[in-house]
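> one predicted model, sequence on top.
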Amino acid sequence: MADDKIPTEQWAQVVEETGGPVVYKKIPVQKPGPDEVLVNVKYSGVCHTDLHAMMGDWPLATKKPLVGGHEGAGVVVACGSMVNNLKVGDYAGIKWLNGSCLNCPYCENADEPLCQGALLSGYTVDGTFQQYAIAKAAHVAHIPRNCDLEAVAPILCAGITVYKGLKESGARPGQMVAIVGAGGGLGSCAVQYAKAMGLHVIAIDGGDEKGELCKRIGAAVYVDFLKSKDLVADVKSNTPDGLGPHAVLLLAVQEKPFQQASEYVRSRGSVVCIGLPAGAYLRAPVFDTVVRMISIKGSYVGNRVDTAEALDFYARGLIKVPYKSIGLSKLQDVYTLMRENKIVGRYVVDTSK
Ligand code: NAD
Ligand code: ZN
């Protein structure tokens, strides 16, 4: 897009005060700095993190006023003077990690999400719930040209995060992984990445609709936490030898499942914490953790290689995120459904509506 075609104003959803609601209004289009690109965001997935940001759930301050969003798929329309890895017209993805210093010990070791200077899209810098968003060129995801920009959007956070979490779990092909929150945005990606990685999936969530989805996208078993009288026993009895899954991916936005996981994970198994319920704590019996050699760890988004690999799984047709489309102007309605755990899969907003 020639510079004179880039508008000076655009539609955006703005969090003006903690607790919301988001305000749909026109705001100026920013100009990219020397190491940045401007992306015409066509579609953006809505992650539960965006709701946490609006509600001020976490012990980390957000920018204010804030444009949320970090699953933005679109087209590069302007490049800063130092950018040589992207050009105008390329498909590009703006993800949670908007930028990092690239020089600290974490960045040097490809642990860019741990960089103390990390910029976070839709949290410490404006994100993708606007028509034109900025990101550091080094961190922009390269979306293959054959991808549908709407369908690929959820890969940019949900996909990358669960793919990384599965790698961190150490689970190997043929083993079993429990996915907790399997019917949500991250969960429905996790079921498919796990299957593509040769793992058997025990999906855990609540309600029949989420159960049907989990089975349809490849879960071997569905355990409904709303119906189960003894979740720990139900999870273990659904593994062939009754010893429990080799790994657990915790994606739910509730504290209770974080307390339960160490009870049903197999000895020498791993519990990977990814969901970020407000004010929650982990609790596990020290005795069991020691004598059953259980690993409990956190996993946080992914680096640039994880991003490229997660997109490659998608481009090979192995991941089909179940999503519903809605206009950007209706973002608050998505948050209302999300708070009530009523979203099956992901919502993707269209920034033109
Ligand atoms: P979501 O709302 O789409 O999904 C959460 C799912 O958990 C829902 O389907 C809900 O029904 C289910 N659930 C609720 N209570 C449950 C229980 N007791 N047992 C099993 N399932 C239960 O949310 P999302 O967008 O998938 O995000 C999930 C969490 O992951 C959020 O806290 C988000 O902030 C966090 N997140 C973390 C990272 C990271 O890097 N660690 C990245 C992205 C998102
Ligand atoms: Zn996210």
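Alright, I've got the coordinates. Just so you know, these numbers come straight off a predicted model, no measurement behind them. Ligands and ions are numbered 1, 2, ... in the order given.
> low-confidence ranges, the stretch 151-300 of the chain, go.
Counting by pLDDT under 70, the stretch 151-300 of the chain contains no low-confidence residues.
> report how many residues lie close to whatever residue of the stretch 151-300 of the chain ends up closest to ligand 1.
Going by C-beta to the nearest ligand atom, ligand 1 is nearest to residue 184 of the stretch 151-300 of the chain, at 2.0 Å. In short, each C-beta sits where N, CA and C put it, glycine included. For residue 184, the count of nearby residues is 27 (other C-beta atoms under 10 Å).
> check residue 345 too.
Residues near residue 345, counting by other C-beta under 10 Å: 21.
> what's the closest non-adjacent residue to it?
Distances taken as C-beta to C-beta, 6 or more residues apart in numbering place residue 322 nearest to residue 345, at 3.4 Å, with adjacent residues excluded.
> what score does that neighbour have for pLDDT?
With respect to pLDDT, residue 322 scores 97.
> do I have it right that residue 219 meets residue 205?
No - with contact defined as C-beta atoms under 8 Å, residue 219 does not reach residue 205; the gap is 9.7 Å.
> can you pull the contacts of the residue nearest the centre of the chain?
Among the residues of the chain, the one closest to the centroid is residue 158, at 2.7 Å (C-alpha atoms, centre = their mean). Applying C-beta atoms under 8 Å, 6 or more residues apart in numbering to residue 158 gives the contacts 45, 47, 71, 185, 186, 188, 189, 321, 346.
> next one: phi and psi at the first one?
So that's residue 45. The phi/psi pair for residue 45 (degrees, to the nearest 10) reads phi -70, psi 160.
> how close does the nearest residue to it once chain neighbours are set aside get to ligand 1?
Excluding its sequence neighbours, the residue lying closest to residue 45 (C-beta to C-beta, 6+ apart) is residue 71, at 3.2 Å. Residue 71 sits at a distance of 9 Å from ligand 1 (criterion: C-beta to the nearest ligand atom, to the nearest Å).
> between residue 219 and residue 205, what contacts are shared?
residue 182.
> enumerate the residues of the stretch 101-250 of the chain near ligand 2.
Residues of the stretch 101-250 of the chain lying close to ligand 2 (C-beta under 5 Å from the ion) are residue 157.
> in what helix or strand does residue 57 lie?
Assigned by DSSP states H and E, residue 57 belongs to no helix or strand.
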